[in-house]
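> Take this sequence and fold it.
(2 chains)
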Amino acid sequence: MPADPNMKILVVDDMSTMRRIVKNILKQLGFNNLEEAENGQEALTKLKADTYGFVVSDWNMPVMMGIDMLRAIRADEKLKKIPVLMVTAEAQKENLMEAVQAGVSNYVVKPFTAETMQEKINKIFK
Amino acid sequence: MAQPQAAAKQQSAVNDDDQDEKAPDTKLYEELGELARFIDTTMKTLSEFSAPVNASTEQLPQAQTHLLNLKTQTEQGTHRVMLEVEAIQDNHAQISKMLKEMTQTLQQAKVSPALIQQMHTVGQTLGQDDKRLLDIMTALSFQDLVAQSVNKLVTILDEVEHKLLQLVVVFGPYQKQAAKTDQGKASEMLKQLEATKNTSMDQDLADEILKQFGFN
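Residues are numbered from 1 along each chain as shown, chains lettered A, B, ... in the order given. As a prediction, the model looks like this:
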């Protein structure tokens, strides 16, 4: 199903600069309904309080890591179907395997280009 | 007559036994004494490291603070660049919109196709610049990687500091005198970093001072 340009997207990263970059790329791709969270815990609170169509998340964050947030999303009846794209500096094979086993929708390794992100988003929403 | 001789022999045997019992004791005490001297010498030798270790434990928190400041400075600088890039992107979006409207108007007015083509070319050039702006934005993600590395370094320094402190606590009492040791290049670097923080001036102040010296 193609991506709905009006869907609410949650960008999760402890670095404000990274959140700004991801939001900018999403805006250039036509997505303007964007929210932010600084860690997995804050993200889960927002996801449970509203309706989101997509989550873009970092791995290493304080309070709650992205991978733990992902597991919590997949374990929640209301949230489990939300696509989750991990955008992370964790480039080891083991991390990728762990994310796949946790139910990630796709995986982008930092540093990345806007084209790579667009490609991954297109694959998720084809 | 035989009895006193036998008694003397018996006494001599008893004395010999006593000496044999003492010999192992003496040997044991000697060895214990040597061991104690060895331990004392070793502890004194190790305690000679106490002063430089102490100096390092004082420097480490400062180094951590400077690393965290570095992270903040790169974050602020990155946000500044992003602000400008976003402003240009917004301008481009407006220009693109105006360009489309102008092209439609000109097409309706049936102007020269060459002019319409030029408008399209301008639009394409704007599009190419938009891509470059996006590339600049994504390139700024270096700051995130720097921040993550800085966080790891700070954690490592924290651990090293704790271990050094443990050493200081254990070997500290053996130090006879807390001598001020030469703290070396690290201390000098830290002093320079502190000086930069406290005394560096901005351009406005520099210009004021230059003006006073006749620079226009």
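> State the mean pLDDT of the lengthiest helix in chain B.
The residue-count maximum for a helix in chain B (DSSP state H) belongs to helix B:50-108. Averaging pLDDT along helix B:50-108 yields 90.
> which residues in the chain form helices?
Just so you know, I chose chain A. Secondary structure of chain A, counting by DSSP H: helices at A:16-28, A:40-49, A:66-75, A:93-102, A:114-124.
> Sorry, I should have been clearer: chain B.
B:2-47, B:50-108, B:113-139, B:142-171, B:184-199, B:203-212.
> what about the second one, near chain A?
Yes. Residues of helix B:50-108 are located near chain A by Cβ under 8 Å from any Cβ of the partner chain, namely B:75, B:78-79, B:82, B:85-86, B:89. Quick note: C-beta positions are derived from backbone N, CA and C, even for glycine.
> Drop anything exposed from those.
The neighbour count (16 or more other Cβ atoms under 10 Å in any protein chain shown) marks B:75, B:78, B:82, B:85-86, B:89 as buried among the residues of helix B:50-108 next to chain A.
> just the residues you listed now: which is nearest A:Val56?
A:Val56 has its nearest neighbour among these in B:Met82, at 17.2 Å by Cβ to Cβ.
> Leaving out the residues flanking it, which one is nearest to the closest one?
Leaving aside its sequence neighbours, B:Met82 sits nearest to A:Arg20 (Cβ to Cβ, 6 or more residues apart in numbering or on different chains; 5.5 Å).
> Count the neighbours of that neighbour for me.
A:Arg20 has 21 neighbouring residues, counting by other Cβ atoms under 10 Å in any protein chain shown.
> The one 5 residues further on too?
Counted with other Cβ under 10 Å, the neighbours of A:Ile25 add up to 24.
> mind listing what it touches?
When contacts are counted by Cβ atoms under 8 Å, 6 or more residues apart in numbering or on different chains, A:Ile25 touches A:114, A:117-118, B:134, B:137-138.
> how far away is the residue most central in space within chain A from A:Leu10?
The residue lying closest to the centre of chain A (Cα atoms, centre = their mean) is A:Val56, at 1.6 Å. According to Cβ to Cβ, to the nearest Å, A:Val56 stands 7 Å off from A:Leu10.
> next one: A:Thr45
Computed as Cβ to Cβ, the A:Thr45 to A:Leu10 distance reads 11 Å.
> Same drill for those two, tell me which one is more crowded.
Legend: neighbour count by other Cβ under 10 Å for A:Thr45 and A:Leu10, higher for A:Leu10 (22 against 11).
> Would you confirm that that one contacts A:Asp58?
No. A:Leu10 lies out of contact with A:Asp58 (Cβ atoms under 8 Å); the separation is 11.9 Å.
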